[in-house]
Structures are given as C-alpha cells and as structure tokens.
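[1] Sequence below, structure please.
(one chain, ligands or ions: 2)
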Amino acid sequence: MRTTVGIIGAGPAGLLLARLLHNAGIDSVVLESRDRAYVEQRQRAGILEQGTVDVLRAAGAGGRMDREGLRHDGIELRFARERHRVDFPALTGGSSVMVYAQTEVCKDLIALQLEGGGPLLFGAEALAVEGAESERPRVRFRHEGREDVLECDYVVGCDGFWGVARRAIPAEHSRVFERTYPFGWLGILADVPPSHDELVYARHDRGFALLSMRSPVVSRLYLQVPEGTDAGSWADEEIWDELERRLETADGWSLERGTITSKSVTPMRSHVHEPMRHGRLFLAGDAAHIVPPTGAKGLNLAVGDVVTFARALVHLEETGSAERLDAYSETCLRRVWQAERFSYDMTTLLHRAPDATPFEDRVQLARLRRIATSRAAETDLAEGYTGFPLD
Ligand code: FAD
Ligand code: DHB
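    Ligands and ions are numbered 1, 2, ... in the order given. A predicted model of the protein is given here:
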C-alpha cells in the first residue's frame, strides 16, 4: 500500500488531518487499531475553543455542530460558597466556546471520511514506524490478521499517549517534560438536565468539582478523587452527595440528580515530548503532549497541531518551500506550552493537593478573589480558556 501521508490513529487529530488533506487534494490513509463503535463512543472532551469551531466549519465538518452544539459565553467559578461569572465575549473581544462532545466530532469526521475521503481502516494496528529519517518512511501494521506495510512520503503519529509513533524517535533526539498529580477525576454522565446553564468550576476544601454537560438533557460532572481511585468504589448516591457539598452556594442553588449512565476515572498528568518531529515522522495531539483536563485544552491542542501540519504541507506543494514543515515542531510547541501553562494554572487554582498547607489554601483563595475582582486577571483566564491563536 502506498500514500502521501500515512496517519496513525483515528482520534480527533487523525480524522481531522485526513479531512484537511482531502480538502487540499492530498491523499492519505488512516490506520486505527480499534473498531468504529469504540472510537465513536469513547467519552472524553466536551469543550471546543472558538478556533476549533472555526476550523471544523471551514473543513465542512460543522453542520451538525452548529445545529446541536451549545454556544457558551462564560463559565462560573465557585469558591467559599460564592459564585463569580467570567464573561468571555466581553473580555476577549467576542470569543466564546462550544459544548459539543469529542464523540460527536469523531462521528461527524468519520462519516465524511467514509463518504468521500481516503481509506480509513478500523482494526488496523500500527506496529512500528520505520525509516523516519529516509525519503520513504513506512508504517508496519496488522489488519484482519495479516501484516502489511504502508509506504508514505510522510507519517503523522496521531495515535495518542499510548501509541507507537513516539517510540520511533531515538532517545538521544528526545526530551520529555512531565508532571503527575496525586489526584484524578471521577467523571459521570447522567440523564438529567444540567443544573446550571454554563459550566461551573468549583474549588472546595474537600476537592475540586466540575459541572458540565453534553446536551440540554445530559449532564457531565466530575469530582477530584485520590490518584488510583476505582470508579466502582463510589456508589451513585455518594457521588451526588459529594457533588452537592462541593458545588454548594450561599444563595440556595440546588443540584438536580438523575440516573448515572457511565462512571470512570481519568488520571491527571502534564507531558510534553520535544521535538514533535523526527525526519519525516511528525507527532500530533496526545501522541506528543498531554495536559491535565482542567480547562479542556487536550482536544483543542490536537486540532492546532494538525492544522499546522496540513498548512505546512500545502505550502510546500504550492511554493516548493519546506520552511513551514521544518518549523512544525517549534510552531506547535509555542502553543503547546501556553496550553500546558494554562492547564497547570487552572489545575493548581482549583484542586486541593493532599498535602496542602493552610498557607497554600489561603493563597489559592486569594488567586480566585483576584480573578473575581481584577479585570486584568479575569481577562487572562478568559483568553486562555477561549484559546490561543494559531501562528
Ligand atoms: P486520541 O483521541 O487518543 O486518539 C488516538 C487514536 O489512536 C485512538 O483512536 C487509538 O485507538 C489510536 N491508536 C493508538 N495506538 C494505535 C496504533 N498502534 N495503531 C493504530 N491506532 C492506534 N480533554 C479535554 O479537553 N477534556 C476532557 O474532559 C478530557 N477527558 C479525557 C479523558 C480521558 C480518559 C483521556 C485519555 C483524555 C481526555 N481528554 C480530555 C483529552 C482529549 O480527549 C485528548 O486530548 C484528545 O482525545 C486527543 O486526540 P488525539 O486524536 O490526539 O488522540
Ligand atoms: C469538560 C471537560 C473539561 O476538562 C473541562 O475543563 C470542561 C468540560 C467536559 O468533559 O465536559
């Protein structure tokens, strides 16, 4: 098998890249180790930045998002039983975000790809990337019980944190920057209308809580839990009781309960692999970097990477100049580190570390009060949340 761009992984990064290349007349093949149902149902991110929304629309993948997605113009911060709303358009010159789940983004992109795009092979597990430093990199993969080789001009590893692409970069060319957190998120989906019309991020002495949503009738909620917690160890009523405690306000707001349809725990880590390119192998999305989920940057960063790659390749085809492709890693990493910083700030602003001292608790509350009372501090949060521009 032979193609121009071999794409490993059909998460949001791989699927969007295939779409962008198809629109530019560049052929690609996507290899995905799991089946279609798995990719379409894996519960993950829920918030699209303004820039991501614009990219999906421009790629012709925004139709259902515009009909069913929920535009949000702000979030609420809760601490010390007080509430403070951050108004995004007023602080950023008009930006907002969209509540539209990653599952739905993937469904829309898969449908487009299968309708008229290049090959998208489910159940095709990449085993290794070979010859990254040569003119003809190859992906060895297994599909329907047989081993095969995909010969490419370029390989883009969009295969997430546990994928194989990153392993093809020799250790002597790699640097990893990492931080793990001693807590995770217990996330639930519940068949109940969201109890607030915008997302609520709550700091509480017992730990962080987040009220989010997937639709006007489905709520998505998260609780900070100790690292290594088993989701099954929390009974449904215990989860609701704890959410109620952490989200409580002095003005009598109440949390509506409903049937919990899914429960899982997500670990929290920051991780950046530098560089994001080795020869003709490029890394994009979670294959290159992970952010803790606070602030919802993971999916949006993945989109930024593949837009940067697609634009650079089109530039090469149109002008013969590889300058932008050569700058891929640097260009992406500038934005990646801004998102790492933002996600780190949001995580440390809102979570309670198990060994937090009373001094740190007071500083955390002072940071929150600063955001609630200083337009400059609030603007910094609003700009970070709605997204950093692509270069
Ligand atoms: P992925 O979505 O991980 O896609 C990678 C794809 O590659 C997968 O489909 C995988 O099956 C495939 N693959 C892996 N190895 C191979 C192989 N060898 N051969 C072929 N295919 C392979 N972000 C937020 O903003 N908010 C959240 O609430 C949030 N929750 C998350 C919860 C979890 C459990 C996880 C893991 C992540 C979460 N994220 C969240 C992050 C966000 O979902 C990711 O940043 C986003 O999915 C990145 O997209 P991607 O395409 O780079 O990687
Ligand atoms: C969601 C996830 C996040 O990490 C976040 O900051 C906001 C919302 C969500 O899954 O809905």
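[2] show me the contacts for Arg34.
    Arg34 makes contacts with Phe122, Gly123, as judged by Cβ atoms under 8 Å, 6 or more residues apart in numbering. (Glycine included, C-beta is placed from N, CA and C.)
[3] I'd like to know how many residues surround the residue of the stretch 101-250 of the chain found nearest ligand 2.
    Taking Cβ to the nearest ligand atom, ligand 2 has its nearest neighbour within the stretch 101-250 of the chain at Ser212, 3.3 Å off. Using other Cβ atoms under 10 Å, Ser212 is surrounded by 22 other residues.
[4] just Glu32 next, same as before
    Close neighbours of Glu32, defined as other Cβ under 10 Å, add up to 25.
[5] Renumber starting at 661 from here on
    Sure, I'll start numbering at 661, so the last one becomes Glu692.
[6] Quick check: which element contains Tyr1004?
    In the assignment (DSSP states H and E), Tyr1004 maps to helix 988-1010.
[7] chain center to that helix: distance?
    The chain centre lies 12 Å from the centre of helix 988-1010; the measure is Cα atoms, centre = their mean, to the nearest Å.
[8] Would you indicate which residues of it are buried?
    Residues 988-989, 991-993, 995-996, 998-1000, 1002-1010 are the ones in helix 988-1010 that count as buried (16 or more other Cβ atoms under 10 Å).
[9] before we move on, what about stretch 764-782?
    The neighbour-count check on stretch 764-782 (16+ other Cβ under 10 Å) flags 764-770, 772-773, 777-782 as buried.
[10] And His931, how far from ligand 1?
    Taking Cβ to the nearest ligand atom, to the nearest Å as the measure, His931 falls 11 Å from ligand 1.
[11] ok so, going back, what are the bridge partners for the residue of the stretch 761-910 of the chain closest to ligand 2, then?
    Listed beta-bridge partners, Ser872: Arg880 (assigned using DSSP bridges).
[12] Surely it touches Ala705?
    No. Counting by Cβ atoms under 8 Å, Ser872 does not reach Ala705; the two are 10.1 Å apart.
[13] quick one: the residue of the stretch 761-910 of the chain found nearest ligand 1 from Leu959, how far?
    Nearest to ligand 1 in the stretch 761-910 of the chain, going by Cβ to the nearest ligand atom, is Gly820, at a distance of 2.8 Å. Computed as Cβ to Cβ, to the nearest Å, the Gly820 to Leu959 distance reads 12 Å.
[14] Same check on Val799?
    Noted for Val799: a distance of 24 Å to Leu959, by Cβ to Cβ.
[15] Mind checking what helix or strand follows the one helix or strand His933 maps to in sequence?
    Per DSSP H and E, His933 falls inside strand 919-934. Using DSSP H and E, the helix or strand that follows strand 919-934 towards the C-terminus is strand 937-938.
[16] Mind listing the strands that following strand pairs with, and their directions?
    Note on strand 937-938: by DSSP bridges, its sheet partners are strand 941-943 (antiparallel).
[17] Contacts (any at all) between ligand 1 and the partner strand?
    No. Judged by Cβ under 6 Å from any ligand atom, strand 941-943 and ligand 1 are separated, with a smallest distance of 9.2 Å.
[18] and that strand, average pLDDT?
    On average, the pLDDT along strand 941-943 is 98.
[19] contact partners of it?
    789, 792, 797, 814-817, 825-826, 828-829, 933, 936-937, 965, 969, 988.
[20] same deal with stretch 824-843?
    By Cβ under 8 Å, 6+ apart, stretch 824-843 touches 668, 786-790, 792, 815-819, 867, 884-887, 927-935, 938, 941, 943, 947-948, 952, 1004, 1007, 1011, 1013-1014.
[21] Poorly predicted segments of this protein, please.
    By pLDDT under 70, the weakly predicted segments of the chain are 1051.
[22] tally of neighbours for Arg696?
    Per other Cβ under 10 Å, the neighbour tally for Arg696 reads 16.
[23] picking up where we left off before, in helices only, show me the buried residues of stretch 764-782.
    Of these, the ones assigned to helices by DSSP state H are Glu764, Val765, Cys766, Lys767, Asp768, Leu769, Ile770, Leu772, Gln773.
[24] Assign Ala1036 to helix, strand or coil.
    helix (DSSP: H, G, I helix; E, B strand; the rest coil).
[25] How about Pro842?
    Per three-state DSSP, the local secondary structure of Pro842 is strand.
[26] what about it, how many residues close to it?
    Neighbours of Pro842 under the rule other Cβ under 10 Å: 12.
[27] Contact residues of the chain facing ligand 1?
    Residues of the chain lying near ligand 1 (Cβ under 6 Å from any ligand atom): 668-674, 691-694, 699, 704-706, 762, 785-786, 818-820, 823-824, 926, 945-946, 953, 956-959, 962.
[28] from what I can see the residue of the stretch 761-910 of the chain closest to ligand 1 touches Gly945, true?
    Yes. Counting by Cβ under 8 Å, Gly820 does reach Gly945; the two are 7.1 Å apart.
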